[in-house]
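Peer 1: got a sequence here, can you build the structure:
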Amino acid sequence: MSGARWSYAVNQWDTNIDAFVRRREHERAFKTVSISGFGAVELTAESFGAWEPLGTPDQIRDLYGSLEQFRDVLAACALDGVSSYVYDPAIGFDVEMGRGHDPLDPAGVPRIVDTARWFAAALVRLGGDTLVVRPVGSAWQTGALDDGQIAALAAAWADVGAAVEAEGVGLALHVDFLSALRIGDGLERLVEATDGAPVGFAVDTAEFAIAGIDPVAFLRRHPSRIRHVQLKDARETVGESEALTPHAEQFVRTEGGERRIGRWFFEPTDEGGLVDFEGVAHALHDIGYGGWIVVESDQSPHPAESAMVSGWYVQNVLRPIVGGAA
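Peer 2: Predicted coordinates for the structure are as follows:
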């Protein structure tokens, strides 16, 4: 039986820059997550100041008074805390004078290390232990990564991994369906290049499936490297040529590309999406996975309903297979 823990990402409530900014809205979301059977929440790092009050440790302090007071609010909603923070180094934060940094550029790595350490230190105070990071930019920006670029990424994330490990936090590299690492064998080459380093990987079932990567096969192929799991479903795939579309973050991911896909992500269920969730659950059980499993539905038009539907599916189908606590 594994010691997996179950969390829920609150990004689905944050649908617009001013849509999720008040404490009352936060508390309603937290209580919904709790009654749906989850023990913690996952936050996403954002840099829009007061419009993203959960986006950075400083913004949490500004709204709640301190990180500890925010954790008290979570506890009052019957949650243990924050499981994880999702961080993209391309986003600039106030501590960086609003400038993001490229992990392929060695000159920017020290600032990425500092920012990652900042999030990690806050995460520990919030009860969490995993920093989930976007390891490289989109495919259209770089094309296929050569050996030198893979080596640069491996070195950069080894430095970051060591820094956050010293804070008591694990590092999980999160590959999305537009990532340069989804081109060719980039992801497998980075796994190999970081072997032995304090670097783990996140398996996001929908992002993998959209990119044509089998999450079950990846879990079974790299059991010792899995640091984080995010569960959501998908119904469409994106090939390499579409991922290489200029400005794909806007044109493909946000606007749906030439096919005008209205929604990329769905809550995990057994209703015929691309992801074999029971296969994922069996793989997690078999490899003895003991980290966080975070359920997402970050484009849901009905976030509370999605949380409750996901909670039912987790409690009645997935958790009995995987095992672990709420």
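
Peer 1: contacting residues around Leu63?
Peer 2: Contacts for Leu63 (Cβ atoms under 8 Å, 6 or more residues apart in numbering) come out as 23, 50, 53, 70. (Each C-beta comes from the backbone N, C-alpha and C, glycine too.)

Peer 1: give me the element it is part of.
Peer 2: Element membership of Leu63 [criterion: DSSP states H and E] is helix 57-64.

Peer 1: quick one: buried residues of that helix?
Peer 2: 57, 59-61, 63-64 (16 or more other Cβ atoms under 10 Å).

Peer 1: can you check stretch 38-50 too?
Peer 2: 38-47.

Peer 1: over to stretch 186-201?
Peer 2: In stretch 186-201, counting by 16+ other Cβ under 10 Å, buried: 186-187, 189-191, 193-194, 197-201.

Peer 1: for Trp6, give its distance to Val41.
Peer 2: Per Cβ to Cβ, to the nearest Å, Trp6 is found 11 Å from Val41.

Peer 1: what do you get for Trp292?
Peer 2: 11 Å.

Peer 1: now for those two: what residues contact both?
Peer 2: Common neighbours of Trp292 and Val41 (Cβ under 8 Å, 6+ apart) are 7, 83.

Peer 1: re earlier: can I get the buried residues of stretch 38-50 in CSV including distance to Ile287?
Peer 2: Formatted as CSV, the buried residues of stretch 38-50 follow (distance: Cβ to Cβ, whole Å):
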residue, distance to Ile287
Phe38, 22
Gly39, 21
Ala40, 22
Val41, 25
Glu42, 21
Leu43, 26
Thr44, 27
Ala45, 28
Glu46, 32
Ser47, 35
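
Peer 1: ok, of the residues you listed, which one's closest to Ala152?
Peer 2: Ala45 (22.4 Å; Cβ to Cβ).

Peer 1: circling back to that earlier point, quick check: the farthest pair among the contacts of Leu63?
Peer 2: Ala50 and Phe70 (15.0 Å).

Peer 1: tell me where the stretch 201-326 of the chain has helices.
Peer 2: 205-210, 215-221, 240-243, 248, 277-286, 303-313, 319-322 (DSSP state H, counting those that start in this stretch).

Peer 1: please identify the most buried of those helices.
Peer 2: helix 205-210 (a mean of 26; mean count of other Cβ atoms under 10 Å).

Peer 1: residue ranges with poor pLDDT in the stretch 201-326 of the chain?
Peer 2: The stretch 201-326 of the chain contains residues with pLDDT under 70 at 324-326.

Peer 1: repeat for the stretch 1-150 of the chain
Peer 2: In the stretch 1-150 of the chain, residues with pLDDT under 70: 1-2, 15-18, 94-98.

Peer 1: mind listing the strands for it?
Peer 2: For the stretch 1-150 of the chain, strands defined by DSSP state E, counting those that start in this stretch occupy the ranges 5-9, 40-44, 81-87, 130-133.

Peer 1: of those strands, which is nearest Ala209?
Peer 2: Short answer: strand 5-9, nearest of the strands of the stretch 1-150 of the chain by Cβ to Cβ, at 17.1 Å.

Peer 1: can you list contacts of that closest one?
Peer 2: Here strand 5-9 has contacts from 33, 36-42, 44, 83-84, 86, 230, 291-296, 298, 307, 310, 314, 319, 324-326, using Cβ under 8 Å, 6+ apart.

Peer 1: now swap in stretch 264-280 and tell me
Peer 2: 177, 203, 205-206, 209-210, 215-216, 219, 229, 231-237, 253, 295-300, 306, 309-310, 313-314, 317-318, 321.

Peer 1: got the angle between the helix holding Leu63 and strand 40-44?
Peer 2: Interaxial angle of helix 57-64 relative to strand 40-44 (axes from the mean of the first three to the mean of the last three Cα atoms, to 10 degrees): 120 degrees.

Peer 1: off-centre distance for helix 57-64?
Peer 2: 21 Å (Cα atoms, centre = their mean, to the nearest Å).

Peer 1: okay, now Gln250: neighbour count?
Peer 2: Per other Cβ atoms under 10 Å, the neighbour tally for Gln250 reads 10.

Peer 1: for it, give me its contacts.
Peer 2: So Gln250 contacts nothing (Cβ under 8 Å, 6+ apart).
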